[in-house]
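Engineer: this is the structure alone, sequence omitted:
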């Protein structure tokens, strides 16, 4: 390798890195300030008191297994820090999930009947039932709505309403402007946490910091049990 | 080397370089937390190393992808990208064997990018990339490249 090659390499790296820094610098900041909340106030999907110290925003996809897993942690936050957490749900149906939009449409229809939270719980809980369907799972989603006591006439009309779909895409668009690319993505003010593991590891400590609590203690490693936890021959069930 | 054969390898070089340069570029344009999150979905990667990988991998992909496109250090770049493709294949297969499932988002390109691939498609592409990378690394001279241009001795003016 001669000097000319080395110099070319250095210049090339500087040039390429310069391009990246130049584009990033001239790009508008994604989440600062927070974009205005889209949708009518009555249609916002908010859980928890308005004066809560911790205001979490979640961009989620109903067909995403990680989003289902994250619900356990989120519910844990409500239990561990009662009255301190407020959660706002935002639709973010991923392009790669074929039935996701149907589930989001159904959930938004239930939101219009004031039943969003129990419905989203049901949709996540039964994800393995409707997500692998070979045909659009409209009937399955309608059954869940019926089980929760929805007005099925309204629900049926709403499922065909394109304005509801537009509202869902408006929320996704809002996520896109905040550079949300994967689900679940949580925002705690300006800080973002992508995925359930990040929420567990960094997110909870960020919550505790806002609440003036010390960081979460690292759990002690438990000793392996002497006997197998599951009798031989019985396959271990996967924890969702 | 026959010209026809090199034309094919040249296309392979462009493909491999573009895939990695684009993949690195999209990651560098997004907040680093997005790639961190995508990596945590691969449950076998130790959490402690994820912040370092999340900062390093996009730069390696982008720089070596661009090097290969331009033909600067083409053999080394091809080898680095083949090694990365190999590590992705190992990662995907290990996660599949250990956890039984694959993350829906491979973390290769963001949701905002033009390319959306399923894990199996990514696996096939990575296997192809390994072969292209190794073949390119074994090639001694790369026509239409910066390396060839730099090897030529500058003509001495009289």
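Structural biologist: Happy to help now that I have it. Computed from a predicted structure; not experimentally measured.
Engineer: which stretches of the chain form helices?
Structural biologist: In the absence of a named chain, chain A is used. Listed in chain order, the helices of chain A (DSSP state H) span A:3-26, A:65-80, A:100-111, A:116-125, A:127-130, A:138-147, A:152-159, A:162-177, A:196-198, A:204-210.
Engineer: try chain B instead
Structural biologist: So, for chain B - with DSSP H - the helices run B:3-29, B:32-40, B:50-70, B:74-99, B:119-138, B:146-151.
Engineer: show me which residues of the fourth one are buried.
Structural biologist: Residues of helix B:74-99 classed as buried: B:74-75, B:77-82, B:84-86, B:88-89, B:91-92, B:95 (neighbour count, 16 or more other Cβ atoms under 10 Å in any protein chain shown). Bear in mind the C-beta positions are built from the backbone N, C-alpha and C, glycine included.
Engineer: now render the helices of chain A as a markdown table, adding mean pLDDT, mean neighbour count and distance to chain B.
Structural biologist: What follows is these, written out as a markdown table (pLDDT from 0 to 100; neighbours: other Cβ atoms under 10 Å in any protein chain shown; distance: least, Cβ to the nearest Cβ, whole Å):
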| stretch | mean pLDDT | mean neighbour count | distance to chain B |
| --- | --- | --- | --- |
| helix A:3-26 | 90 | 12 | 5 |
| helix A:65-80 | 89 | 18 | 6 |
| helix A:100-111 | 94 | 24 | 10 |
| helix A:116-125 | 93 | 19 | 15 |
| helix A:127-130 | 90 | 16 | 11 |
| helix A:138-147 | 93 | 18 | 20 |
| helix A:152-159 | 92 | 15 | 25 |
| helix A:162-177 | 91 | 16 | 6 |
| helix A:196-198 | 88 | 23 | 4 |
| helix A:204-210 | 91 | 17 | 12 |
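Engineer: now do the residue of chain A found nearest chain B, the pLDDT please.
Structural biologist: Here chain A gets closest to chain B at one residue, residue A:194, 2.4 Å apart by Cβ to the nearest Cβ. Listed pLDDT for residue A:194 reads 91.
Engineer: name the nearest residue to it, sequence neighbours excluded.
Structural biologist: residue B:37 (2.4 Å; Cβ to Cβ, 6 or more residues apart in numbering or on different chains).
Engineer: right, and that neighbour touches residue A:186 too?
Structural biologist: No: using Cβ atoms under 8 Å, residue B:37 is not in contact with residue A:186, being 9.7 Å away.
Engineer: quick revisit: for residue A:180, which of the helices of chain B is the nearest?
Structural biologist: helix B:32-40 (8.0 Å; Cβ to Cβ).
Engineer: can you get me a residue count around residue B:141?
Structural biologist: Residue B:141 is flanked by 12 other residues according to other Cβ atoms under 10 Å in any protein chain shown.
Engineer: and it, what does it touch?
Structural biologist: Residue B:141 makes contact with residue B:148 under the criterion Cβ atoms under 8 Å, 6 or more residues apart in numbering or on different chains.
Engineer: thank you, goodbye.
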